[in-house]
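Q: sequence plus the predicted model coming up.
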Amino acid sequence: MRELTIEDVKAAVRGGAVFAAGGGGWVDHGLEMGGAAVAVGRPKLVSVDELPDDAIIITCTAIGAPAGTEWEMWGVDYIKAVQLLMERFEGKVVGVMTPQNGMSSTTNGWLPAAALGLVVVDATGDIRAHPTGKMGSMGLASRTDYETIQVVVGGRRDTGSYLELVVKGTPGKTSNILRTASDMSGGFIASARHPIPASYIKQHAAIGGISIALDLGKAMIAAEADGPEAIMDTVCRETKGRILGRGKVLNKNVNYSGAFDIGTITMEDGQGGTLVLHVMNEYMAVDDGKGKRLTTFPDVITTFDTQTGLPISVGFVREDMEIALFAIDKRHIPLSSSVKDPTVYPEVEKAMGIELSKYAFDGMTALEF
């Protein structure tokens, strides 16, 4: 157990931006919420092994599309979401965790933890960012024997879009309701969900997901004085990742629909060819110019602004800018039960119009994955 500091906030945002995979929130939001957390109290990061098996942990997150512009989430919204869940759960909640890393999502839950006396658990529902709540639910998405509680709070006060919603039911059904609420509130909303015992997290989460992002972020910050190339080289070395190509963005065709950003980005590969990046909030797959699949979720897929050496999200990618495309093979990251669950892929494949599970599983069964 250790106290999280403002330096950890900076590292979480920097390292989390790599695992954001083009989504995962916003740098400013992550710094604001993380900064508020360490100002309000002393949030503590704990290993799941430090908790008794029956300790109840809830997932804190934000739901929506990173490119959305009509949303409004305040720090009190994150706190209120956790409070509403705790009021309706018949048991003692001990800690919080995040379903994914990201520019702001690595710090998900730090503020409610500090304000409400909870701990932050060093585990993630998926080490990289993903478009649907089911992909970060640690295998709960397909279970019909588990009744969850899911809460969302937030929205534009000035337009009457502010919402508070508490739903109970199976994770698969309630997750779709929350996505609709996010869209109605302006495109992004604070959430608390899935009260589960630490024993389940120990078996199904990506253990150590927060520490991995913190360590990477600290290494990136240390490399900044040496320039953009040094930062990208550091990321490759620290993660065992690789640059798939670099060059100008030729075309961006990404559109907002139902709290999702969906489409493609086409870029030069640096060798006279092209790369097609498939987007659903995050980068979910990359094909070369001939249609050959190069990398697919749950691999980490990230773009870097070559002028700064820092990760750049889908919403800030522009045509004619030069970017580098980076990937970490799934063999080099901890995988949760979320990404091994075949039921979380069909709705994303349908929305994107491409195959994912075929490549994600590489012919393996979920048990072998």
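A: Yep, that arrived.
Q: now do the helices in the protein.
A: Using DSSP state H, the helices found in the chain span residues 6-19, 27-40, 75-88, 110-116, 171-185, 198-204, 209-223, 228-239, 346-352, 357-361.
Q: can you put the ones you listed in CSV and add mean neighbour count, distance to V254 and mean pLDDT?
A: Quick note: C-beta positions are derived from backbone N, CA and C, even for glycine. Below are the helices of the chain laid out as CSV (neighbours: other Cβ atoms under 10 Å; distance: least, Cβ to Cβ, whole Å; pLDDT from 0 to 100):
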stretch, mean neighbour count, distance to V254, mean pLDDT
helix 6-19, 25, 19, 98
helix 27-40, 20, 19, 96
helix 75-88, 20, 26, 97
helix 110-116, 25, 30, 98
helix 171-185, 20, 17, 87
helix 198-204, 18, 32, 97
helix 209-223, 21, 25, 98
helix 228-239, 18, 23, 98
helix 346-352, 15, 11, 96
helix 357-361, 17, 21, 92
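Q: nearest to V96, of those helices?
A: Ranking these by proximity to V96 (Cβ to Cβ) places helix 110-116 first, at 5.2 Å.
Q: got the CA positions of the worst-scoring helix or strand of the chain on mean pLDDT in PDB?
A: The weakest-scoring helix or strand in the chain, judged by mean pLDDT, DSSP states H and E, is helix 171-185 (a mean of 87). Extracted C-alpha coordinates of helix 171-185, given in PDB (Å, rounded to 0.1, in the frame of the first residue of the first chain):
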ATOM      1  CA  PRO A 171     -24.300  -6.700 -17.000                       C
ATOM      2  CA  GLY A 172     -25.200  -7.300 -20.600                       C
ATOM      3  CA  LYS A 173     -28.500  -5.500 -20.500                       C
ATOM      4  CA  THR A 174     -27.700  -2.700 -18.000                       C
ATOM      5  CA  SER A 175     -24.500  -1.800 -19.900                       C
ATOM      6  CA  ASN A 176     -26.600  -0.900 -23.000                       C
ATOM      7  CA  ILE A 177     -28.900   1.300 -20.900                       C
ATOM      8  CA  LEU A 178     -25.900   3.200 -19.600                       C
ATOM      9  CA  ARG A 179     -24.600   3.800 -23.100                       C
ATOM     10  CA  THR A 180     -27.900   5.300 -24.000                       C
ATOM     11  CA  ALA A 181     -27.900   7.500 -20.900                       C
ATOM     12  CA  SER A 182     -24.400   8.700 -21.800                       C
ATOM     13  CA  ASP A 183     -25.600   9.800 -25.300                       C
ATOM     14  CA  MET A 184     -28.600  11.600 -23.800                       C
ATOM     15  CA  SER A 185     -26.400  13.500 -21.300                       C
END
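Q: same for that helix, what does it pack against?
A: strand 56-64, strand 148-154, strand 163-169, strand 188-197 (3 or more Cβ pairs under 8 Å, 6 or more residues apart in numbering; DSSP states H and E).
Q: quickly run through the sheet partners of the first one, with directions.
A: Right, strand 56-64. strand 93-98 (parallel), strand 188-197 (antiparallel) (DSSP bridges).
Q: the third one now?
A: Paired with strand 163-169 in the same sheet, following DSSP bridges, are strand 148-154 (antiparallel).
Q: angle of the strand it pairs with against helix 171-185?
A: 10 degrees (axes from the mean of the first three to the mean of the last three Cα atoms, to 10 degrees).
Q: please state the offset of strand 148-154 from the chain centre?
A: Put simply, strand 148-154 sits 17 Å off its chain's centre (Cα atoms, centre = their mean, to the nearest Å).
Q: what does stretch 118-126 give?
A: Per Cα atoms, centre = their mean, the centroid offset for stretch 118-126 relative to its chain is 13 Å.
Q: now do stretch 160-172
A: 20 Å.
Q: what's in contact with it?
A: By Cβ atoms under 8 Å, 6 or more residues apart in numbering, the surrounding residues in contact with stretch 160-172 are 70, 72, 80, 84-85, 88, 133-134, 137, 140-144, 146-156, 174, 177-178, 181, 184-186, 189, 194, 343.
Q: tally of neighbours for A225?
A: 8 (other Cβ atoms under 10 Å).
Q: what do you get for T132?
A: When neighbours are defined as other Cβ under 10 Å, T132 has 21 of them.
Q: any low-confidence regions in the protein?
A: Counting by pLDDT under 70, the chain contains low-confidence ranges at 65-69, 259, 363-369.
Q: can you pull up the most central residue in it?
A: Nearest to the mean C-alpha position of the chain, by Cα atoms, centre = their mean, lies A129 at 2.8 Å.
Q: who's in contact with the closest residue to that one other than its chain neighbours?
A: With Cβ to Cβ, 6 or more residues apart in numbering as the criterion, A129 has its nearest non-adjacent residue at 3.7 Å, and that residue is G24. With contact taken as Cβ under 8 Å, 6+ apart, G24 is in contact with 16-17, 66, 100-106, 129, 282, 313.
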